[in-house]
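Enquirer: need coordinates for the following:
(2 chains, ligands or ions: 2)
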Amino acid sequence: MMDDALERAFRERVAKRFGMKKGSMSLAIEEAIREWMRSEEEAKGVKEAKVEIPLEHVEEAPPPSPEFAEEIIRASGENINKCIQCGNCVASCPSGRITAYNSRRIIRKASMGYKEEVLRSIELWLCTTCYTCVERCPRKIDVVNAILTMRNMAVENGWMLDPHKVVSMNLMKTGHAVPIDQATRERRKELGLSELPPTVHQYERALLDVQHILKETGFFELVEKAQPQKAGSA
Amino acid sequence: MGRKYALFLGCLIPNRYPGIEAAARKVLPRIGIELADMNGASCCPAPGVVKSFSRPAWLAVAARNLCIAEDMALDVLTFCNGCYGTLADANHSLKADRALRDSVNSKLKEVGMVFKGSVGVRHLAEVLMKEVTPEGIRRAVTKPLGLRAAVHYGCHLIKPKVLREWVGSAERPTFLDELTEALGAESVEWEDKMACCGAGGGVRSAVLDVSLRMLNRKLLSAKEAGADFILNVCPFCHLQFDRGQIELQRLYGLQPYDMPVLHYVQALGLAMGYGPHELGVDMNFVGMDRILSKLP
Ligand code: SF4
Ligand code: SF4
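Expert: Ligands and ions are numbered 1, 2, ... in the order given. Model prediction:
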């Protein structure tokens, strides 16, 4: 049995959309069923997420630079050349499960010296740093450490995704990657908390110190030189 | 009994889910955990984003936060997995590597600070397990929840395991299940229990679509297991589960899951007899009706 109010609301919508004529009801019901089935299908998450390649394609791949692997090993302390391409990392990867993201391939390409291809690909940014692969790699390679090192190199080259630039600017401006907003100020008061938390939000001097440290470590410069790069949707 | 900690708030707890902060300030002192504010602390900074962009900046800002606790001569307490990841790992590196420490200290000197390596960093779950113990929690509970919980550990709480010996097993940990059962709730088995929620590593902010698809698998799995709510110990996982449900609805037209989401301190508060409003559980995007009607 259908809930009365729901039925009434549904009939009103049907009249608005299909008119009061005969057959409107069955048309509407068919559409509703179709919608429901579509969303059930979606909910199964069976479809692969399609990620557009948002960074510019590298039209003609530049020749590999053998020093790239050395650079990564030096900066991260991870010997990526130890990788035996077993794919354990990929089998464990929550991101690889739904996208074409493949950590094994990134490690291999890096080891072969395809610097630009690796550093400019969106794949580098699809790792959630969940560390599952790190726990399971038979060669004890800290894949996250290697990936973070390559991300640092990408940003060093000015390749940073736009939304990441926004988060960074928040940090530079307020000392919080996620600063307070108006709605939360109100909620804090309702909960009997101070309107602003006792963080850099309350202590201006402390904010200046954080900004000083960010400048001294080159963070401001890094973010400012980042070129616009769109992030992917699907 | 009772131990005092330097409370590290981070960003998401005070600035997005203040209910978690309010719950902690009310509930924790009553089970022997005293909290002292770390005045002037900043973003930890977030491991997925800031550490991805510049390790030196990440480490120096983290060190500054640790210095605040050192000045208070108290161990840091956090109930965010991201803050825990950053502060525990940075603390470890700075203590272990003299050259690194010296280089960070040369920056900190300019703001009148120095990292000494004199305090530890603890996640609330660790303190509850080791110091309060599930038995201690059970004693504090006056209104056993009687709900089915889908327990979500999150990643940085338990991994990388080398720096978190207290965790036991990173593949099949049990401590959070024990702490949850101490609330009079049942911790259900669910297929995707140990999977990442999809928020971390800067994925949520830059590639929302991929992030939400990871989340959807988890939600489906929790629903299939017949869970009444998702229990977490991290405001970023909390945000992903809570706001993410609305985004799945809005962006993909999915049927609402209506799956309530509680941080452990909020669930603890409910079990200790606090009202939902005092704990800010009604400030989530997803409504709580499903569990509030079932509570004793
Ligand atoms: S699990 Fe380790 S050895 Fe195997 S492919 Fe991945 S990185 Fe290479
Ligand atoms: S840490 Fe990154 S690469 Fe490794 S399993 Fe998790 S998402 Fe995949």
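
Enquirer: when you scan stretch B:49-58, is anything in it near chain A?
Expert: Yes - with Cβ under 8 Å from any Cβ of the partner chain as the criterion, chain A is reached by stretch B:49-58 at B:49-57. Placement of C-beta: from N, CA and C, glycine included.

Enquirer: endpoint to endpoint, that stretch covers what distance?
Expert: 9 Å (Cα to Cα, to the nearest Å).

Enquirer: residues in contact with that stretch?
Expert: Surrounding stretch B:49-58, the residues in contact under the criterion Cβ atoms under 8 Å, 6 or more residues apart in numbering or on different chains are A:125, A:148-149, A:151-152, A:155, A:160, A:164, A:167-168, A:171, A:177, A:213-214, A:217-219, A:222-223, B:43, B:45, B:47, B:61, B:86, B:90, B:201-202, B:205.

Enquirer: buried among those residues? Make that a ChimeraX selection.
Expert: ChimeraX command restricting these to the buried ones, with burial defined by 16 or more other Cβ atoms under 10 Å in any protein chain shown:
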select /A:125,148,149,151,152,155,160,164,167,168,171,177,213,214,217,219,222,223 /B:43,45,47,61,86,90,201,202,205
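
Enquirer: mind checking which of the contacts of stretch B:49-58 land in strands?
Expert: Among those, no member falls in strands (DSSP state E).

Enquirer: OK, contacts around A:Ala28?
Expert: A:10, A:13-14, A:17-18.

Enquirer: if you set the cut-off to 6 Å instead, what comes out?
Expert: The contact partners of A:Ala28, by Cβ atoms under 6 Å, 6 or more residues apart in numbering or on different chains, come to A:Val14.

Enquirer: helix, strand, or coil at it?
Expert: Secondary structure of A:Ala28, reduced to three states by DSSP: H, G, I helix; E, B strand; the rest coil: helix.

Enquirer: and the pLDDT for it?
Expert: Each residue has a pLDDT score; the one for A:Ala28 is 80.

Enquirer: residue ranges of the helices in chain A, please?
Expert: A:4-18, A:24-43, A:67-76, A:88-92, A:103-112, A:115-119, A:132-136, A:143-156, A:162-174, A:182-190, A:204-216, A:219-225 (DSSP state H).

Enquirer: so which elements touch the fourth one?
Expert: The helices and strands touching helix A:88-92, judged by 3 or more Cβ pairs under 6 Å, 6 or more residues apart in numbering or on different chains; DSSP states H and E, are helix A:103-112, helix A:132-136.

Enquirer: excluding sequence neighbours, find me the nearest residue to the closest residue to ligand 2 within the stretch 51-200 of chain B.
Expert: Of the residues in the stretch 51-200 of chain B, the one nearest ligand 2 is B:Cys196, at a distance of 6.2 Å by Cβ to the nearest ligand atom. In this structure, B:Cys196 finds its nearest non-sequential neighbour in A:Cys130, 3.8 Å apart by Cβ to Cβ, 6 or more residues apart in numbering or on different chains.

Enquirer: same check, this time on A:Asn88
Expert: Closest residue in space to A:Asn88, ignoring its immediate chain neighbours: A:Arg136 at 5.1 Å, by Cβ to Cβ, 6+ apart.

Enquirer: how close does that neighbour sit to A:Ala28?
Expert: Separation of A:Arg136 from A:Ala28 (Cβ to Cβ, to the nearest Å): 51 Å.

Enquirer: and the nearest residue to B:Pro45 once chain neighbours are set aside, how far from A:Glu7?
Expert: With Cβ to Cβ, 6+ apart as the criterion, B:Pro45 has its nearest non-adjacent residue at 4.8 Å, and that residue is B:Val61. With distances defined as Cβ to Cβ, the gap from B:Val61 to A:Glu7 amounts to 58 Å.

Enquirer: kindly report the same for B:Leu176.
Expert: Applying Cβ to Cβ to B:Leu176 and A:Glu7 gives a distance of 44 Å.

Enquirer: higher neighbour count, the two?
Expert: More neighbours surround B:Leu176 than the other of B:Leu176 and A:Glu7, with 23 against 11 (other Cβ atoms under 10 Å in any protein chain shown).

Enquirer: tell me how many other residues crowd whatever residue of chain A ends up closest to chain B.
Expert: When scored by Cβ to the nearest Cβ, chain A has A:Ala206 as its residue closest to chain B, at 3.0 Å. Neighbours of A:Ala206 under the rule other Cβ under 10 Å: 21.

Enquirer: likewise for A:Phe220?
Expert: 16.

Enquirer: same question, A:Pro138
Expert: By other Cβ under 10 Å, neighbour count at A:Pro138 equals 11.

Enquirer: phi, psi for it please.
Expert: Note on A:Pro138: backbone dihedrals following degrees, to the nearest 10 are phi -70, psi -20.

Enquirer: how close does it get to B:Ala195?
Expert: Relative to B:Ala195, A:Pro138 is positioned 21 Å away (Cβ to Cβ).

Enquirer: please apply the same query to B:Glu178.
Expert: The separation that B:Glu178 has from B:Ala195, given Cβ to Cβ, amounts to 21 Å.

Enquirer: more crowded one of these two?
Expert: Neighbour comparison, B:Glu178 and B:Ala195: the larger count goes to B:Ala195, with 20 against 17 (by other Cβ under 10 Å).

Enquirer: and the more buried one, which of the three is it?
Expert: Taken by three-state DSSP, the conformation at B:Ala195 corresponds to coil.
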